[in-house]
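S.K.: Below is the structure, and that's it, no one-letter string:
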């Protein structure tokens, strides 16, 4: 119940395309859903996050779509660029407090071809 | 703002020795710090959660006597890998949450190689 399932494991998209990464969860206590971007040899960095009271959130070229009834959420990257090539992790947290644990998905290795 | 640093960025040690990794919040006071381990091409796995001045809470399966965590101040937490073995080789990442918001800010990670 603590798992966050992420797919696909890897993804190759041409520059300008729209990669889509999907995640699903079971635990209805999760109420904070961040996405992280990680470059090789670096720590993850928060990209965008959503609470379940909204169905979509957009920040720049990054959009989260959230389906509470299906317990699924996804990340869309508009006008993808080679610099977006990285590993992306979806995550979920049961609460939004200083001590809230984050449960990470398995990650998606994204490669944007020039 | 919200910068977390780790030191060292990489370390090589011999089997049986101990190594200490520092995690610092540079521009905020960290209420809670988290330690993660990441094996190659895998996700981050939470090892423990620590609050300043109190004992760390370890995740199931993490040996507390092997991975010693000290959260000495609101800006510093340390992870000591005791009697390291080659299977402890991994990428160790810390994160911290502050008092003004609840985002976890991640450090750049420490690559540990045990020979």
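M.R.: Right, received. Where do you want to start? What you see is a predicted model, and the numbers here were worked out from it, not measured in a lab. Numbers count the residues shown, from 1 in each chain, chains lettered A, B, ... in the order given.
S.K.: okay, the closest residue to residue B:22 other than its chain neighbours: pLDDT?
M.R.: Once flanking residues are discounted, residue B:22 sits nearest to residue B:7: 4.7 Å by C-beta to C-beta, 6 or more residues apart in numbering or on different chains. C-beta coordinates here come from the backbone N, C-alpha and C atoms, glycine included. pLDDT, residue B:7: 97.
S.K.: Kindly report the same for the one 10 residues further on.
M.R.: In this prediction, residue B:17 carries a pLDDT score of 97.
S.K.: returning to what we had before: the residue nearest to residue B:22: how many residues sit nearby?
M.R.: Residue B:7 is flanked by 14 other residues according to other C-beta atoms under 10 Å in any protein chain shown.
S.K.: cool, the one 4 residues further on as well?
M.R.: If you count neighbours by other C-beta under 10 Å, residue B:11 ends up with 17.
S.K.: would you say it is within a strand?
M.R.: Yes. According to DSSP: H, G, I helix; E, B strand; the rest coil, the state of residue B:11 is that of a strand.
S.K.: mind listing what the residue nearest to residue B:22 touches?
M.R.: B:21, B:22, B:24, B:110 (C-beta atoms under 8 Å, 6 or more residues apart in numbering or on different chains).
S.K.: out of those residues, who's nearest chain A?
M.R.: Lowest distance from chain A to the contacts of residue B:7 (C-beta to the nearest C-beta) belongs to residue B:110, with 9.6 Å.
S.K.: what's around residue 52, how many residues?
M.R.: No chain was given, so I picked chain A. 16.
S.K.: Let me rephrase: I mean chain B.
M.R.: For residue B:52, using other C-beta under 10 Å, the count is 16.
S.K.: is it true that it touches residue B:70?
M.R.: No. Contact criterion C-beta atoms under 8 Å: residue B:52 and residue B:70 do not qualify, at 10.1 Å.
S.K.: is chain B contacted by whichever strand or helix holds residue A:23?
M.R.: With secondary structure defined by DSSP states H and E, residue A:23 is part of strand A:20-25. No. Counting by C-beta under 8 Å from any C-beta of the partner chain, no contacts exist between strand A:20-25 and chain B, the nearest distance being 11.9 Å.
S.K.: That strand pairs with which strands, and in what direction?
M.R.: strand A:4-7 (antiparallel), strand A:72-77 (antiparallel) (DSSP bridges).
S.K.: What residues of that strand count as buried?
M.R.: Neighbour-count burial for strand A:20-25 flags A:21, A:22, A:23, A:24, A:25 (criterion: 16 or more other C-beta atoms under 10 Å in any protein chain shown).
S.K.: if I look at residue B:69, how far off is residue B:32?
M.R.: Counting by C-beta to C-beta, to the nearest Å, the gap between residue B:69 and residue B:32 amounts to 12 Å.
S.K.: got it, and residue B:71?
M.R.: Distance, residue B:71 to residue B:32, by C-beta to C-beta: 9 Å.
S.K.: who touches both of those two?
M.R.: Common neighbours of residue B:71 and residue B:32 (criterion: C-beta under 8 Å, 6+ apart): B:50, B:51.
S.K.: Let me see the residues that make contact with the strand holding residue A:23.
M.R.: A:3-8, A:11, A:33, A:70-76, A:88, A:90, A:92, A:105, A:108, A:110.
S.K.: run the last query once more with 6 Å
M.R.: If you take C-beta atoms under 6 Å, 6 or more residues apart in numbering or on different chains as the criterion, strand A:20-25 is touched by A:4-7, A:71-76, A:88, A:90, A:92, A:105, A:108.
S.K.: which among those gets closest to residue B:103?
M.R.: The shortest approach to residue B:103 among those belongs to residue A:92, at 14.4 Å (C-beta to C-beta).
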